[in-house]
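# Please work out how this folds:
(4 chains)
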Number of protein chains: 4
Amino acid sequence: MATETRKRKADHIRISLNQNVQARRVTTGFEDIHFVHKALPEINKQKIDLSTTIFNHKFAAPLIVGAITGGTPEATKINATIAEAVEEIGLGMGVGSQRAAIEDKKLEKTFSIARKKAPTAFLIANIGGVQLAHGYGLKEAKKAIEMIEADAIAIHLNPLQEAVQLEGQANFERVLEKIGTIAREVDVPVIAKETGAGIAAEEAKKLEAAGVKGLDVSGVGGTSFAAVEYYRTKRKANIFQRRLGDVFWDWGIPTAISIVEVSQTVNIPIIASGGIRDGVEMAKALALGASLTSLSQPVLQVAIKGVKETKDVLSLLIEELKTSMFLVGADSVQTLQETPIVVVGETAEWLRMRKFNVDGYARRGRS
Amino acid sequence: MATETRKRKADHIRISLNQNVQARRVTTGFEDIHFVHKALPEINKQKIDLSTTIFNHKFAAPLIVGAITGGTPEATKINATIAEAVEEIGLGMGVGSQRAAIEDKKLEKTFSIARKKAPTAFLIANIGGVQLAHGYGLKEAKKAIEMIEADAIAIHLNPLQEAVQLEGQANFERVLEKIGTIAREVDVPVIAKETGAGIAAEEAKKLEAAGVKGLDVSGVGGTSFAAVEYYRTKRKANIFQRRLGDVFWDWGIPTAISIVEVSQTVNIPIIASGGIRDGVEMAKALALGASLTSLSQPVLQVAIKGVKETKDVLSLLIEELKTSMFLVGADSVQTLQETPIVVVGETAEWLRMRKFNVDGYARRGRS
Amino acid sequence: MATETRKRKADHIRISLNQNVQARRVTTGFEDIHFVHKALPEINKQKIDLSTTIFNHKFAAPLIVGAITGGTPEATKINATIAEAVEEIGLGMGVGSQRAAIEDKKLEKTFSIARKKAPTAFLIANIGGVQLAHGYGLKEAKKAIEMIEADAIAIHLNPLQEAVQLEGQANFERVLEKIGTIAREVDVPVIAKETGAGIAAEEAKKLEAAGVKGLDVSGVGGTSFAAVEYYRTKRKANIFQRRLGDVFWDWGIPTAISIVEVSQTVNIPIIASGGIRDGVEMAKALALGASLTSLSQPVLQVAIKGVKETKDVLSLLIEELKTSMFLVGADSVQTLQETPIVVVGETAEWLRMRKFNVDGYARRGRS
Amino acid sequence: MATETRKRKADHIRISLNQNVQARRVTTGFEDIHFVHKALPEINKQKIDLSTTIFNHKFAAPLIVGAITGGTPEATKINATIAEAVEEIGLGMGVGSQRAAIEDKKLEKTFSIARKKAPTAFLIANIGGVQLAHGYGLKEAKKAIEMIEADAIAIHLNPLQEAVQLEGQANFERVLEKIGTIAREVDVPVIAKETGAGIAAEEAKKLEAAGVKGLDVSGVGGTSFAAVEYYRTKRKANIFQRRLGDVFWDWGIPTAISIVEVSQTVNIPIIASGGIRDGVEMAKALALGASLTSLSQPVLQVAIKGVKETKDVLSLLIEELKTSMFLVGADSVQTLQETPIVVVGETAEWLRMRKFNVDGYARRGRS
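Sure, this is the predicted structure:
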């Protein structure tokens, strides 16, 4: 089992790096979000304060590296590299699914390397929500947390991936209840995290009520796990699964929409992820109501090169975010969240039809 | 006459298989329909109940194979193959126009083979509505039903096809009245079925009032019969008819729109057809208000290969439907029909202008 | 002068036939107009009555051939061909600008040939509105009418063409007043006709008040006279004028919009023209409120071949119109004008913003 | 320092002429603005009065040449050429940033040549707003004005450019206050001018309150300064800055939107600039509420050729503007500003969401 899991994870990384597994006919929706440029920012870009305190942790910038990998020698190296980079900059990271290591103690170090390299950064442990319907529970959650001395644990909700993958376990019965149990019993905040199909208002509400302390929306528009499965099954000549991967390639709630659905519904911090590729999109996510942004794919591509390259990319993203903030005259993340943005196109259409307040974004700050 | 009819039908199948006769500048509208993904489905995909009871018949899944063919040796084979496949899976099928066999008893077996191979499946007989204006009536309807021991009879309304085809009879005078007579007198439900141009609210209302028990919308967006005529006349170098086929290639009401027009107007079951190509679109059709979905072209393409291939395609479509249902947390067809969907773009624009309720779809299930 | 005018007209015909002078980034708007297909038309296509009585003249179908040419030997032939064709079918036609013949009696026969070949068809004389600001008046209008024993006279309003062409006279001072004088004094109805840039509500109102008895909208979306000038000046290497032709290539009110602007404003008959290319578009124009449709470019292309070819094209257009009417269950032009149509996209956006009733079209016929 | 500034300016001109530095995925929004063509203009194009009095200066047409260059021998030539052309036609021009000459008296003549060649034309001096946060003040403003005997001084607000360029000073602290001081103390009107990213309502209001007498919106959609920086850094292989240029390439408020944001907010004259490329767009800008239009890039391209070529382009633009005015029946700039225009698409969407009056434009002039 653990071997299979490891092999699947290795497949995922290889395919993500070598195939085009980005969304095809759907976008994140960020192209429908427009900042209202300030010709006269009245601030000094050098003095912009990017720091933000979420989950009682101070981040140097509202940026974390999304859960990527674990369980293999390459994964160890990737985790170490990212950990070193986020430690130096003062960010956070999530590790990949710890299931393999929970089941095989020898693999623990492929994850614990993250804490070793990042003694003070915000680290997020990772267990699969679907596992809670298949025997996992508080014990495994605690094990995952201890393994990396995590500051939070993300329960990954990946029904799309389970439904389209060869070995998938498409059963989420009573998962919510079990998330609630874990949320009550562990010492760190529990984050419910999608994996590329977005979170809707209805689920956000239930998860908040169950005691979850944060939501990572991971909307559609970036890397498609259905696409990854498409390529995995292609190699195995399984036409049946391949067509599933193809048909569901673009399934999900676009990231920008999911941020609004969730942030206008709950009062817990939102992590924006799913197809975010630059600092302007990070700024848009924050302006829409997210507290943190999370990127995976752009970091994975450099993490295999080295710590310096990884730090460079993270610094560049932060510089882009800072530049966006400067250009709307926002000297802090909070000010950014009060700056006007204009939401147009099908993103606005979806949100209005679902009864969210779209016009409010455009008018804030106008006297 | 019967020979000509047979020849025309053979032309249709050949052209459908070998030429691009899909809609060109119009779509089904399904791309404007978006599900609201559920990150936490709270159900077990394995336990999803796809069965549905319509016309007092229990279908293993809300899927039938649309009327395709009859009247020729190849047609016999195709009908036998599809019948065997739908029998084994527990679905239904409609046969092609029975006119040739009504007029020439020797051809009956090209249709009755369906019942022979599918003793319990839901079989739908087929007569042309336009024939009712040219001498057909109750007798012929009964003959068509008896020929395949049909569970229902579809009266095909194909004004577009009649209007653009070489031998067309573009006369629908008093057809509604005669449909009413048949609906009152036959023992099985009468279904009014379009053939690729969709049904509007106005006609749905009249047909329901006339006693029709089901409506098969068959909207525009999939195979275009005008396009088929374009290619038929192209071979015959009839520029006049060919241009008709060209100009009316995309004529009709898009399938998604027609489903809403009809389902918000009448209280009888709706069969969704017209350009449906995968299980996600099947799910969208059901969520919009259809009771059954019907596909023809994707099945025809495999039916010429064999029963196994046909069953594989039908099973795949069902698996895709089930996957869609899982991802919106719907464990039954009825629950799927209560799940929120967001209708955007020109599909929403059309529906609003025609005074249908569009916003309601997006808000159902939101407390 | 007359020679120059003739030469310019010959240039126009040659360029129209050999260069792409169709609108580039603007369309007629007909693609935003959708018929609501009737699955059950309840009529007999053979019995559809296409005849219509406008200006006290009965047309076999609501179709005329737009003003094309005159003044040269080739023009004589084209006018004769079109006249013979419309006479046989029972339609109407407008002749090209009669200015050259008004100034040079020898050229009269290039126009009067139309009446010779079409003793009973509806013929429309043609003078330029801009000439009314440069000396023309009642006398010239009467001369134009007498020359072809016209049933009506169209005063051509072509400010765009005058403004972008080398020899243009861009002065329309007191033209409205002079149109009024002519309208009061001549025995036939006066039609105000644009030449490819459309008529707005404001002008329609003034023209009706001045006594004009019909409006030919000639909107943008078809042949662009600015484009024709572009090619004329290209040959003469006049960069200055060429750029004018280029910048104004797509200037004007789209045909579908102009029909609505005008028909919701005045109570006189509307002739729809400008980029209409098939019978479905003719049907849309009539459904939007036009009383007649007028085509030029598609007829010019066959008129140089012969009478049979011209009649074939006109018959085909009528057959397409009849087919459209059949498919919406309209057995007369008047019924067609009461059938629902759905107006979407930027056409709907424009009309709503200008305070026209757009929703009404979609709801008529719905009980 | 002065040398560096000069070198940077030379880079800018070279890149603007040789690379594609136009906006990529954003437009000026002018394609969403439609004039309502007048079939009967009732005016004489020859009598159209294009003159307009703004800042107590009479312009022969509402057109000035935007700030381009200065400080180098080539710049001297370009300034001389443009000055001679605008003097002869009776327009105005802005010079490029005078910073180099303020710091190095030897360079003054590269700017003062403009006044020498244009003794009566409207000349606009130029200092950078960002310099006000770095030591500049009233003294430098006065020096800039005196250097060219300016009729006005534009304070350039270029936060985007400062933020993405290698040597940028992204500090705008207390710039507004200092603009206020200059506005109160200098004898000529102070214009606040963006440089390609547009001005929003909020900033317009503050600038008017500070005493600024005119606003030059310079919206996004034309030349992108971020793109210019992209190419500058490309040559220097600075990947970090290059990506900044790439990510911010299309940042800003589209020109058409910015004109509305500003003109519906303040009561001082608006200069429309940013991607205006022909006289129709000039007319649209004026109809939306601008008092003057300003073009740079199309003039720069001919200014390197000579005075005649420059005058030809300016005359052509004026002829296009006049033609547009003729076609909407506007015989003066003021009448043009009362003529109806229809605003559609995302431009209308943005403006409505920001609570500006969009429908009013379409209805003015309709009784």
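
# Next, count neighbours for residue A:314.
25 (other Cβ atoms under 10 Å in any protein chain shown). Placement of C-beta: from N, CA and C, glycine included.

# Could you pull up phi and psi at it?
As for residue A:314, its main-chain torsions (degrees, to the nearest 10) stand at phi -60, psi -40.

# Hmm, residue A:89 and it touching each other?
Yes: between residue A:314 and residue A:89 a contact is recorded at 5.6 Å, counting by Cβ atoms under 8 Å.

# Quick one: neighbours of the closest residue in space to residue A:81 that isn't next to it in sequence, just the number.
Leaving aside its chain neighbours, residue A:81 sits nearest to residue A:303 (4.7 Å; criterion: Cβ to Cβ, 6 or more residues apart in numbering or on different chains). Residues near residue A:303, counting by other Cβ under 10 Å, number 25.

# repeat for residue A:18
Residue A:18 has 9 nearby residues by other Cβ under 10 Å.

# which residues sit in contact with the residue nearest to residue A:297 when sequence neighbours are not counted?
Nearest-residue entry for residue A:297: residue A:223, 5.2 Å, with adjacent residues in sequence omitted and distances by Cβ to Cβ, 6+ apart. Counting by Cβ atoms under 8 Å, 6 or more residues apart in numbering or on different chains, residue A:223 touches A:16, A:21-22, A:196, A:275, A:296-297.

# ok, now how distant is residue A:223 from residue A:250?
To residue A:250, residue A:223 is 12 Å away according to Cβ to Cβ, to the nearest Å.

# all strands for the stretch 151-300 of chain A, in order.
Using DSSP state E, counting those that start in this stretch, the strands found in the stretch 151-300 of chain A span residues A:152-157, A:190-194, A:214-216, A:270-273, A:292-295.

# Can I get those strands in a markdown table including distance to residue C:201, mean pLDDT and mean neighbour count?
Converted to a markdown table, the strands of the stretch 151-300 of chain A look like this (distance: least, Cβ to Cβ, whole Å; pLDDT from 0 to 100; neighbours: other Cβ atoms under 10 Å in any protein chain shown):
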| stretch | distance to residue C:201 | mean pLDDT | mean neighbour count |
| --- | --- | --- | --- |
| strand A:152-157 | 56 | 98 | 27 |
| strand A:190-194 | 52 | 98 | 28 |
| strand A:214-216 | 52 | 98 | 28 |
| strand A:270-273 | 48 | 98 | 29 |
| strand A:292-295 | 51 | 98 | 26 |
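
# any chance of the ones you listed in TSV, plus distance to residue D:58?
Shown next, in TSV, are the strands of the stretch 151-300 of chain A (distance: least, Cβ to Cβ, whole Å):
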stretch	distance to residue D:58
strand A:152-157	68
strand A:190-194	64
strand A:214-216	62
strand A:270-273	54
strand A:292-295	54
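
# among the contacts of residue A:223, which two are most distant?
Distance extremes for these: the farthest pair is A:16 and A:275 at 13.3 Å, using Cβ to Cβ.

# Among these two, which residue is more densely surrounded?
A count of neighbours by other Cβ under 10 Å puts residue A:275 above the other of residue A:16 and residue A:275, at 27 against 21.

# residues contacting the closest residue to the more buried one other than its chain neighbours?
In space, and not counting its chain neighbours, residue A:275 is closest to residue A:222: 2.7 Å by Cβ to Cβ, 6+ apart. When contacts are counted by Cβ under 8 Å, 6+ apart, residue A:222 touches A:22-23, A:28, A:196, A:255, A:273-277, A:297.

# before we move on, what about residue A:19?
By Cβ under 8 Å, 6+ apart, the residues touching residue A:19 are A:227-228, A:231.

# ok, 7 Å please
The contact partners of residue A:19, by Cβ atoms under 7 Å, 6 or more residues apart in numbering or on different chains, come to residue A:231.

# Next: residue A:243.
residue B:316.

# how much space between it and residue B:316?
According to Cβ to Cβ, residue A:243 stands 6 Å off from residue B:316.

# What does the residue of the stretch 1-150 of chain A found nearest chain C show for phi and psi?
Here the stretch 1-150 of chain A gets closest to chain C at one residue, residue A:32, 17.7 Å apart by Cβ to the nearest Cβ. Main-chain torsions, residue A:32, degrees, to the nearest 10: phi -90, psi 0.
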